[in-house]
Structures are given as structure tokens and as C-alpha cells.
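Participant: turn this into a structure:
(one chain, ligands or ions: 2)
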Amino acid sequence: MSFDVIPFAGALHDTASLRRIEAAAARSLGDSHELMRRAGQSAWRELLAVWPQAQRVVVVCGPGNNGGDGYVLAQHAQQAGRDVQVVRLPGDAPRGDLARRAAEAYTGRVVEFAQSLPACDVIVDALFGIGFSRAPDDATRALIEAVNAHPAPVLALDVPSGVDADRGSVPGAAVDAARTVEFIASKSGLRTGAALDHVGTLTLATLQLGVDVFDGIAPQAERIAPVDLPRWLAPRRRDSHKGSNGRVLCIGGEHGSGGAIMLCAQAALRSGAGLVEVATRERHIAPLLSRLPEAMAHEVGDARALHDALDRADAIAVGPGLGQQDWGLHLYERAVASAKPLLLDADALNLLAIRPFALPADAVITPHPGEAARLLGITTAQVQQDRFAAARALSERYACVVVLKGAGTVVAAAHETPRVVAAGNPGMAVGGMGDVLSGVIAALRAQGMNAFDAASCGALLHAAAGDAAAHEGGERGLLPSDLMPWLRHFANRDPYVPEPMR
Ligand SMILES: NC(=O)C1=CN([C@@H]2O[C@H](COP(=O)(O)OP(=O)(O)OC[C@H]3O[C@@H](n4cnc5c(N)ncnc54)[C@H](O)[C@@H]3O)[C@@H](O)[C@H]2O)[C@@H](O)CC1
Ligand SMILES: [K+]
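Facilitator: Ligands and ions are numbered 1, 2, ... in the order given. The predicted structure follows:
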């Protein structure tokens, strides 16, 4: 059976799985070269469809099979009457049989890269694919920089060269592609971290393989996009009441940080919580209630009031503006000890890093890379080098669900396939955005969603709202408050939403 869409649309694979899939595909076709032929041909079709006017095509070929795909494309371009040049580094003639065969079939010009690339309308990046294995040396870096400095758009084959297709990191320099056509299956590393600045628009060429080539190979991660929201956000029952929609308790707002807990509470209400209470400093209560009369706010100096509020809550968000002084520490300890569905963010994570309490089962933490680094005792750069590994390590160390924020948010939990959020934008890198996310996830928990789904759906809802708000008025100057109407929109919307650009 042939198919154009892989069986599990959000499936993401790592390079080890891809090697196994490729081997199964080669066995089923009885010829490895056929795969390369199909890869090069589909990439050529993609180039033709996107840049039909392009007459001059430069194909930058590396020494491996990614280069082999490039020679196949070059041959198609030449046969179609285009002005084609293959450019390669001195010493980068094809090394393996497959790529050599593809190179021999191409009879056009091959030039060695010196300092600059020829004038052209499109550059095809066939330097490295999933075989990229180390930081580029000086000569390779110079070639990558020449590609990026060239005015022509770049079509990357399988992976933008220089991007680690498993981790999403860029150990040296990487090609900035306008488009990347992935072969056979989508790669987990192209959905998170630094990779997102290099991939451009991602498309998938399935090479007309049968579903059987995926037999026994589980995806490493799942890509989730706004179209997936209805999976979790079914329409409400007609006879629901405010109690059945859950009561959220938001804890935080030390002196000087009252806005954080207000944003958290407002986001919880806009994400469908039936009742929202806020435990905060007394001086924040009046401004909070004047902005958000739907919330109930308490001064928590009184131990009885805190006990009752904790007892009533269906889910607790602790951390926004909490501070790390005695007041915050006390509230953090009480929240963790409550054994209620718990969301920890911001200062609650800083307190967790220095006072590692055992978290209640199914707690959710939402660190940004800096907080994740503190929680793991490593550097932020190390977190970003492998965001999947960092999220997994956090979920194991703290026995909780982890939402590792940043470009391509990763949601991880023990015994679950990690999810990567294919939405969100750099306008969301602004103070207060995390407080909104905390409120969203706590609201979904209070409405009965399990921790992993609430974390995934909440991260997606937050990102979709951020994209809609940015679409309205731009990324710069986007405020967390701008997301509020969009949270409501996406929490209720029709099943159909256009796919994002990646
Ligand atoms: N194996 C298969 O069945 C298929 C492979 N295909 C293509 O083949 C690619 C994988 O091919 P390969 O495994 O040959 O690997 P690549 O072509 O991605 O790269 C491996 C080559 O690059 C060198 N290299 C890696 N990192 C380097 C660095 N930083 N600096 C300098 N040299 C470096 C390696 O020494 C090796 O020679 C896929 O991404 C895909 O494009 C497709 O043709 C489809 C079928
Ligand atoms: K490439």
C-alpha cells in the first residue's frame, strides 16, 4: 500500500529510527538507489513548484548521501534546461557507492568552492543531512556562511546543513533555509530550539513508501499544532455548572509583583475555570478585584484562610510573583504539601531548585531554559543543546510533567512520548507570558484534564493565542494581556484551524 501522508501525522523520529526506516524501505524496494532517486526527484519537484521561474540553480553537495540527493536533483534540473552548477568543498567528492552513482549520472558543471558562490536564483543545500555529526571545520563554516550571505533563497534537502536533526541544536554554523524538504519522515530535532531559525517552511516527501516500513518503530516525539486542540477541548455539556468547571487557586504576588498573579488568574478564567481564587498580599486585592471582579482574592496571612482555600481548590498554580522570601517560601511549602493537582512556575521553581520537596503525583512544572538549568544543575546552553533530553531529565528527577518553554516548547512526562508545540512566536518572550501559561494549565487541570494533557493542551492554547495576537498587531510590543480574548477563542473554537507555517 502506498500513501502520501505518514500514518501518524504528528510523528517525529530521531536519526536512529530513520536509519531503521530507510533500511526497511531499501529492503522493500530491493534497491537503495531507488530511495535516493525518489528523494532527489521529489526535492526537484518542490523546487519547481515554489520557484518555477528559477533558471540558475546552484546545488551545494557534501560527501555523503545527502550530497547524493543533491546530484540527483542537479541532474533533473539540467534535464529541464536549467543552468546548473554543483559546488563542493575540495576533497568532498562522493564517498559512498550510492552518492558516487548519483554524481556520475550528473553530467553538468562541478566547481570547487573557493570563497564565494556563483550568481543564481535558488541554492539547494545538500551538504549534510542526518549524517551531520560534528561542529563544522573552518572550510565548511565558510561555505555555510557563503550560502547564508547569498541573496538567493535556499531549499535544504532533509535537514538544513549544520542543524543536529535529533537535538535541534546548532554546534557551529548552519544553513538558513527558506524551505526544508524532509525525506521519509519528520525529524524531532527540526521542531525545537535553534533549529527553528534555520528550517524555514518544512515539508515532507514520503517517497511513496508503504506503511510497513514504519513497523515496530515508535516515534520519538509527537508534534502538536492548533488543529489538535479539539482533541482536548470538546464542547461543554449543556448542564455543566461552575463547580463542574473547576476551582483554581492562584498563589503568588509578593510586594511589587501583583501583576503576575493577576495575569495568572485572568488566564485561568479565560481558559474556562469555573471559579478562580487568588491568595496574595493584601495590598494587591483591591486593584486585582477592580480589574477582575470575577475572581475571589484573599490575604493569606491568616493560616485558616489559606487552609480553607487550599482545601477548596481543584487545582493550584503557585509561583507567579511569589518571591523567594519567607512569605513565598511558606506558601510554596503549603501548596506542595496540599497534594492537590499542582502547577509550579517562576519563583516556585527557584524554590524547588534550592529546596527540593517531593512534588505531589502529577504535578506540572513550566520552566524556561534558565529555570530548567537551575533545576538540573547545568548551564542554560546545555539545556538548549538537547531540549528533549533536558525535559526528560527534569521529568525523571522531579517525577512530574515538564513544560520546557522556549521556541518549540517540549512537554515531557515519564512513560509518555514527548510532545512538541508547533506554534508560538518570539513576541511571546516578554515578562508575564509565563504567568498566563500557568493560569491556562491550572484551569485545564481544574476542568478535569490529566496532567500531561493539560500541560500539552495548555502550552498549545497559549501558543495559538500568542500567534493570533501577534498576527493582529505584530510581535514587538505584544503583551500577555493581548492573549486573553484569544485564549477564550481557541478554548471554544470550531475544529478547523489553518495549519501553522511549520
Ligand atoms: N540512506 C538512505 O537510504 C537514504 C538517504 N538519503 C539521504 O542521505 C542522508 C544521510 O546520508 P549519510 O548517512 O551519508 O549522511 P550525510 O550525507 O548527511 O553526511 C555524512 C557525511 O558528512 C560528513 N560529515 C558529517 N558531519 C560533518 C561536519 N560537521 N563537517 C564535515 N563533514 C561532516 C561525514 O563524514 C559523512 O561523509 C539523508 O539525510 C538523506 O538526505 C536519501 O537519499 C534517502 C535514502
Ligand atoms: K542538507
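
Participant: residues of the stretch 251-400 of the chain that sit close to ligand 2?
Facilitator: Proximity of the stretch 251-400 of the chain to ligand 2 (C-beta under 5 Å from the ion) involves no residue at all. For the C-beta atoms, the positions are set from N, CA and C on the backbone; glycine is no exception.

Participant: what segments of the stretch 251-400 of the chain are strands?
Facilitator: Along the stretch 251-400 of the chain, the segments classed as strands by DSSP state E, counting those that start in this stretch run 275-280, 296-299, 315-318, 342-344, 364-365.

Participant: so which elements touch the third one?
Facilitator: Translated: strand 315-318. Strand 315-318 is packed against strand 247-251, helix 326-337, strand 342-344, helix 433-446, with contacts defined by 3 or more C-beta pairs under 8 Å, 6 or more residues apart in numbering; DSSP states H and E.

Participant: you'd agree residue 437 is up against residue 461?
Facilitator: No: contact criterion C-beta atoms under 8 Å: residue 437 and residue 461 do not qualify, at 9.0 Å.

Participant: rebuild the helices and strands packed on strand 315-318 as a markdown table, extending it with distance to residue 309 and mean neighbour count.
Facilitator: Shown next, in a markdown table, are the helices and strands packed on strand 315-318 (distance: least, C-beta to C-beta, whole Å; neighbours: other C-beta atoms under 10 Å):
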| stretch | distance to residue 309 | mean neighbour count |
| --- | --- | --- |
| strand 247-251 | 5 | 30 |
| helix 326-337 | 10 | 19 |
| strand 342-344 | 14 | 30 |
| helix 433-446 | 14 | 31 |
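
Participant: tell me which of the strands of the stretch 251-400 of the chain sits nearest to ligand 1.
Facilitator: strand 364-365 (34.9 Å; C-beta to the nearest ligand atom).

Participant: quick one, phi/psi of residue 107?
Facilitator: Residue 107 adopts backbone torsions of phi -110, psi 10, taken as degrees, to the nearest 10.

Participant: okay, now the unreliable bits of the stretch 251-400 of the chain?
Facilitator: Regions of the stretch 251-400 of the chain meeting the criterion pLDDT under 70 are absent.

Participant: not counting sequence-adjacent ones, nearest residue to whichever residue of it sits closest to ligand 1?
Facilitator: Residue nearest to ligand 1 within the stretch 251-400 of the chain: residue 385 (15.4 Å; C-beta to the nearest ligand atom). Nearest residue to residue 385 in three dimensions, chain neighbours excluded: residue 169, at 4.7 Å (C-beta to C-beta, 6 or more residues apart in numbering).

Participant: residues in this protein within reach of ligand 2, list them.
Facilitator: Neighbours of ligand 2 within the chain, by C-beta under 5 Å from the ion: 66, 125, 156-157, 161.

Participant: can you list contacts of stretch 239-250?
Facilitator: Identification of contacts with stretch 239-250 by C-beta atoms under 8 Å, 6 or more residues apart in numbering yields 236-237, 261, 264-265, 268, 272-280, 309-310, 312-317, 320, 438-439, 442-443, 445-448.

Participant: would you list the helices and strands packed on strand 315-318 in JSON lines and tack on distance to residue 355?
Facilitator: Listed next are those as JSON lines, based on distance: least, C-beta to C-beta, whole Å:
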{"stretch": "strand 247-251", "distance to residue 355": "16"}
{"stretch": "helix 326-337", "distance to residue 355": "8"}
{"stretch": "strand 342-344", "distance to residue 355": "12"}
{"stretch": "helix 433-446", "distance to residue 355": "19"}
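
Participant: just the ones of the residues of the chain next to ligand 2 in helices?
Facilitator: The helices, defined by DSSP state H, take in residue 66 from the residues of the chain next to ligand 2.
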